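> from the sequence below, what's the structure:
(chains A and B)
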2 protein chains.
Amino acid sequence: MSNNKDFVKEITNIEEDFAQWYTDIVLKAELADYTDVKGFISIRPYGYAIWENIQKYTDNLLKKNGVKNIAMPVLIPESLLQKEKDHVEGFAPEVAWVTMGGGEELEERLCVRPTSETVFSTMYSKWLSSWRELPFLYNQWCNVLRWEKETRPFLRSREFLWQEGHTIHETAEEAQKFTLQILDVYADVIENLLAIPVLKGRKTKTEQFAGADATYTVETLMHDGRALQAGTSHYFGQNFSKPFEIKFQNREGKEEYAYQTSWGISTRLIGAVIMAHGDNRGLKLPPRVAPIQVVIVPVAMHKEGVKEKAEELYNSLSEKYRVELDVREQYSPGYKFNDWEMRGVPVRIEIGPRDIEANKCVVVRRDTAEKIDVSLDELSEKLNEILESIQKNMYEECKKNVEQKTTVATNMDEFTENLNNNQGYVKTMWCGDAECEEKIHELTGAKSRCMPFEQEKISDKCVYCGKPADKMVVWGRQY
Amino acid sequence: MSNNKDFVKEITNIEEDFAQWYTDIVLKAELADYTDVKGFISIRPYGYAIWENIQKYTDNLLKKNGVKNIAMPVLIPESLLQKEKDHVEGFAPEVAWVTMGGGEELEERLCVRPTSETVFSTMYSKWLSSWRELPFLYNQWCNVLRWEKETRPFLRSREFLWQEGHTIHETAEEAQKFTLQILDVYADVIENLLAIPVLKGRKTKTEQFAGADATYTVETLMHDGRALQAGTSHYFGQNFSKPFEIKFQNREGKEEYAYQTSWGISTRLIGAVIMAHGDNRGLKLPPRVAPIQVVIVPVAMHKEGVKEKAEELYNSLSEKYRVELDVREQYSPGYKFNDWEMRGVPVRIEIGPRDIEANKCVVVRRDTAEKIDVSLDELSEKLNEILESIQKNMYEECKKNVEQKTTVATNMDEFTENLNNNQGYVKTMWCGDAECEEKIHELTGAKSRCMPFEQEKISDKCVYCGKPADKMVVWGRQY
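Predicted structure coming up:
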C-alpha cells in the first residue's frame, strides 16, 4: 500500500499552504489546466461537468422566474462602452481590444465584452416602445474577458464563463424587487446545490458595480477563512436607460425611462466548491453537483463473477444516479480508492468475492470516510439516503466553519487580532464613511463584504473613527 | 379583417424575392436583430429558444456517443495558428486580432478563435501519454468569429454560435469511423428534429476543410432550390498531431502520433429551418424544435368564462407541451391568428363561447391550415397525434421539394439549363480534376456539394471535359 500513500502525498497539506493545495486540486483532479495564453484556462471534462450541473440548476430556476435566454455580440464598439461614465471608468482599464479584422485595421476598435450592460441597453432601446411589452427579463450564458494582472484558475482568470442577466422594468419598485428575487435564486444555487451557506447583504458604495445604484451580494467563506463573493445582483435605476435612451410610453401615455437590473454568477463557483469543501484527501463534491455521484470499484477483479457483478450494479444504479465503474486493469483497488477520493466522488462502492457471496457491498462516504455494509437488494434505495445525508452534512460542516470563523469587533485592535487569529468574517459597526472603509482595508487587508440584510446592533460607534454608527458591516480578506 | 391582410402583406412574397422574404422573417418573427457592429447579430429569445432545443437534442446524442464537453480559450496566439500550414492559409485572412489588453500593447497578437483545432491540439499534446487514455472525445459549445465580407443573419455572420468537437484516436480506422458516426448524429438532428432531409457525402478536395484529409458533409436544399451545407465532419489523419506533437505510447510500447477528427454544426441551422420550411404566411417550425408548439387564442375573450377556460386548457396542456396563452387585450383574435402563423407555431387552438358550450375547441394546423374540431376531453391525446403528423408532413413536403429540384446532366448545356430552370441539385459524373470543378463553378455559379455515399452511374464521362469518370457529384448554387 506504499503506492497509495505516495499518491496522497502529492497534494500539498491544506493547512500548510492553502494556495498550493488549491492549485494541486485543480490540476490533479483534472478540473482545469493552464494554456499558452497567460490567465486563460482550459476547463477539462470533469470541471466542465460541474459547470453544466450548475448551469442546468440555475437555468431552470431563472426560467421559473420568467427569464429567457438570448445571445449578444462578443465585441463592443469603444463608443458604446463610453456612454455610461462610471461604467467605462470601471471597465476600460481591463479590457482587451480588437483592432484588426479580415486583414484590415478597424475604423473603431472593439473590446471583447467584459460585461454587456452597454450592448443590452442599446438593443433594449431599439426593442422597447410601450409599457405593455415590459418587463424584458433576458439572460445570456457566455464568455467574458477581463485583463486581470494576478490570475488564478476559476477564481480570477482573464476569460471566464458566466451568465449575465439584464432586465428592464416599468417601475423602480418592480426592478428593485426583481434584483432581490435573483439574489434569492443565487442563494438557492449556492446553498442547496453547492452546499455552501451564504451571507446576503448590500455592498457598500465603494464595492458597488460600476454604474449601479445598489449592488447586492451573496458572500461565502472558504476553508481557510477567506471570503469569496459568489454572486451579485445590481439595481441601476435609470443610470443606463437615460444615456442609452431606453424609453417607453407609460400607462399615462407619457414617455418614461425604464428601470434596470443586471446580475451574474460565474465559473468562479467551481473555485468556491473546491475551497469550501476540500480536505487533505483532495476535492470533496456535494452529491447534487458531483459529475460522478457513485463510483464502483471491484476488488479482486480477476476472480470469477466480480467484474460481471460490478457491471450489473453499474447498469442498475445508472438509471437513478450518475455512476462510474472503474475497471482499469493497470491500477490496484487501493490506488483507485485514493484516486476517486482525490476527485471528490461522494460515494464509493467496493465489491469483491466475499461481498458477492454475502449479497452485499461496502459503501464508503467521502465526507466522513464511514464504511457501511449494504445489502445489494437495498442498495439503490439506501444510496439515496446516503447521498442526501452527505449533501446535508457538507452544508452543516461548512456552516460550522463560518460560525467558528465569525467574530465581532468594537475597535481596531480587536479587529486586527480577530483577523490574524482566525481570518474569517469580522462584524463591526460602521459610520458609512468611505474613508473609514479605506483605512480599515489599509490596516487589515480586509474589505467590507456587505451590510447584511440581518443587521445586529453590536455597539453604537464606528469601529474605525468612533463616530455614531447604525450600520453593521461584515469584513473579510477576500479572494 | 382588413387589419389581418395588412399584417400579412408586410412580408415580402417568397417567390418574388426570397432574400428579402428571409430578412423579413428573421426580423418580424423576432428571431434575431442587427447590432451596432456589422455582421454581428443579437439572437432574440424566440430564435435562441430554437437554438436551445437544437443544443439539447444534439448534446444528448453526442453524450450517448461518449463525447464530453469542455471549454477552451477564446483567444489563440498567432504562433499557434501558424503551426499547420493549410490551416493558417485557410483561416488567417478572416480572423479578428486582439492587439491590446489591460491598457498595454501585447507582445504577440491573439486572434479570436475562428475554430479551435490548434488549441485542442496543443492541450491534447499536453494531456496524452498512453494508448490507454485514448480516445479523447471532447466538444465545446461556444462562439467563434470569422470576418466575412458579405454577411447575413444566421447564414453567414461574423460571430456565430456552434459546437466544435475534436477527437483523437489510437488508430486511423477508429478515427475515420468516428468521423462518420458524428455525420450520422448530424443527419439525425437535421432530419428528425428539423424535418429537413439531408444528402450525405464526401466533399471534393477543393471544398475540404483547411488541414483535413477528408471532409464529410450533410447537405440540405432550401425552398428556393439553393443548397446549404448544414454540418461537416473532418478526418485529419496525423496532419495536426505531427506539428503539434500529439504523441502516445502505443500497445507495442512505441511512440506514435494520434489520429484526429473535428466536426461542427452552428446557429446556421436556424437559417436552414427558416428557408427549408417557410411560406408566404411566414415562419413554419417543426413541432419538435418549436419553442412554442401550441398557442391558445381565446375568441370573444370578454364573454364570461372564456378566459378562465383558456387558462384551464393552458395549465393542463403545459404539462405535456410547450404552450403559450395569448390574452393580449390590445389585439383582435384575427390579428393574433396571423401573428402566430407568421411566427411559425405548429398548432393554434381557438376557443370561444360556443366551443365551450359544445365542450370542444378548434385546432388549426400551421402546415396545412386544416381546421379540426376536437373534444376537450380528447384534446391532450389528439394534440400528440397532430404534432407528430405535422412533423412528418413537413419532412415529406421538404423531401418533395428536393426531389422536384434534383436533376441529372450529362453535358454542360443540360447542366446550365437545369440550374436555370430549377436551381436545385444537379447530378453529374466528374473525372476528379479540380480544374473541371473550377470551370463548372465559373460557368454555372454552382459548386460541388459532395460526392454522395449513394453513388449512381449516370454515364461514364465527365460532364465538363468528357474524359472517363467514375465519380458522381451533386452540384448546386449555395448559401
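
> can you list the buried residues in stretch A:133-144?
By 16 or more other C-beta atoms under 10 Å in any protein chain shown, the buried positions in stretch A:133-144 come out as A:134-144. C-beta coordinates here come from the backbone N, C-alpha and C atoms, glycine included.

> for those, give me a markdown table that also has distance to A:Trp127 and pLDDT.
Output for those, formatted as a markdown table (distance: C-beta to C-beta, whole Å; pLDDT from 0 to 100):
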| residue | distance to A:Trp127 | pLDDT |
| --- | --- | --- |
| A:Leu134 | 11 | 98 |
| A:Pro135 | 12 | 98 |
| A:Phe136 | 7 | 98 |
| A:Leu137 | 13 | 98 |
| A:Tyr138 | 10 | 98 |
| A:Asn139 | 15 | 98 |
| A:Gln140 | 15 | 98 |
| A:Trp141 | 20 | 98 |
| A:Cys142 | 19 | 98 |
| A:Asn143 | 24 | 98 |
| A:Val144 | 22 | 97 |
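
> among those, which are within reach of chain B?
A:138, A:142-143 (C-beta under 8 Å from any C-beta of the partner chain).

> follow-up on the earlier one: farthest pair within the buried residues of stretch A:133-144?
A:Leu134 and A:Asn143 (29.0 Å; C-beta to C-beta).

> what sits against A:Val144?
A:112-116, A:159-160, A:162, A:164 (C-beta atoms under 8 Å, 6 or more residues apart in numbering or on different chains).

> any idea how far the nearest residue to A:Gly165 once chain neighbours are set aside is from A:Asp36?
Excluding the flanking residues, the one nearest A:Gly165 by C-beta to C-beta, 6 or more residues apart in numbering or on different chains is A:Asn139, at 4.0 Å. To A:Asp36, A:Asn139 is 32 Å away according to C-beta to C-beta, to the nearest Å.

> returning to that earlier point: out of the ones next to chain B among the buried residues of stretch A:133-144, which sit inside strands?
Among these, the members found in strands (DSSP state E) are A:138, A:142-143.

> need the residues you listed in a markdown table with distance to B:Gln229, can you?
What follows is those, written out as a markdown table (distance: C-beta to C-beta, whole Å):
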| residue | distance to B:Gln229 |
| --- | --- |
| A:Tyr138 | 31 |
| A:Cys142 | 26 |
| A:Asn143 | 26 |
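
> ok so, going back, quick check, nearest of the buried residues of stretch A:133-144 to chain B?
Using C-beta to the nearest C-beta, A:Asn143 is the member of those that sits closest to chain B, with 5.5 Å.

> so what's that closest one bridging to?
Beta-bridge partners recorded for A:Asn143 (DSSP bridges): A:Leu161.

> just to be sure, A:Asn401 is in a helix?
Yes - A:Asn401: assigned to a helix according to DSSP: H, G, I helix; E, B strand; the rest coil.

> that one touches A:Thr220, doesn't it?
No - assessed by C-beta atoms under 8 Å, A:Asn401 is found out of contact with A:Thr220, at 10.5 Å.

> now list whatever residues contact both of those two.
Counting by C-beta under 8 Å, 6+ apart, the common neighbours of A:Asn401 and A:Thr220 are A:Ala276.

> higher neighbour count, the two?
Taking other C-beta atoms under 10 Å in any protein chain shown, A:Asn401 and A:Thr220 do not tie; A:Thr220 has more neighbours (27 against 20).

> how long is stretch A:190-200 end to end?
12 Å (C-alpha to C-alpha, to the nearest Å).

> just how off-centre is it within its chain?
Centroid displacement of stretch A:190-200 relative to its chain, using C-alpha atoms, centre = their mean, to the nearest Å, is 9 Å.

> ok, which stretches of the stretch 101-250 of chain A are helices?
Using DSSP state H, counting those that start in this stretch, the helices of the stretch 101-250 of chain A run over residues A:117-127, A:172-188.

> go through these and pick out the most buried.
Among the helices of the stretch 101-250 of chain A, helix A:117-127 has the highest mean neighbour count (mean count of other C-beta atoms under 10 Å in any protein chain shown), at a mean of 23.

> relative to A:Met301, how far out is the residue in the stretch 201-350 of chain A positioned nearest to chain B?
Closest contact between the stretch 201-350 of chain A and chain B, by C-beta to the nearest C-beta, is at A:Gln330 (6.6 Å). Between A:Gln330 and A:Met301 the distance is 12 Å, computed by C-beta to C-beta.

> so which helix or strand takes in A:Cys398?
Take DSSP states H and E as the rule and A:Cys398 turns out to sit in helix A:379-404.

> going on from that helix, what's the next piece of helix or strand?
On the C-terminal side of helix A:379-404, the closest following helix or strand by DSSP H and E is strand A:406-408.

> need the contact partners of that following strand.
Residues outside strand A:406-408 that contact it (C-beta under 8 Å, 6+ apart): A:414, A:418, A:422, A:424-428, A:458, A:474.

> OK, contacts around A:Asp194?
Wrong residue type there; residue A:194 is Leu, not Asp. For A:Leu194, counting by C-beta under 8 Å, 6+ apart, the contacting residues are A:54, A:269, A:272-273, A:276, A:286, A:289.

> same check, this time on A:Gln238
A:257-260.

> residues from the stretch 201-350 of chain A in reach of chain B?
A:328, A:330.

> could you list the low-pLDDT ranges of the stretch 201-350 of chain A?
Of all residues in the stretch 201-350 of chain A, none has pLDDT under 70.
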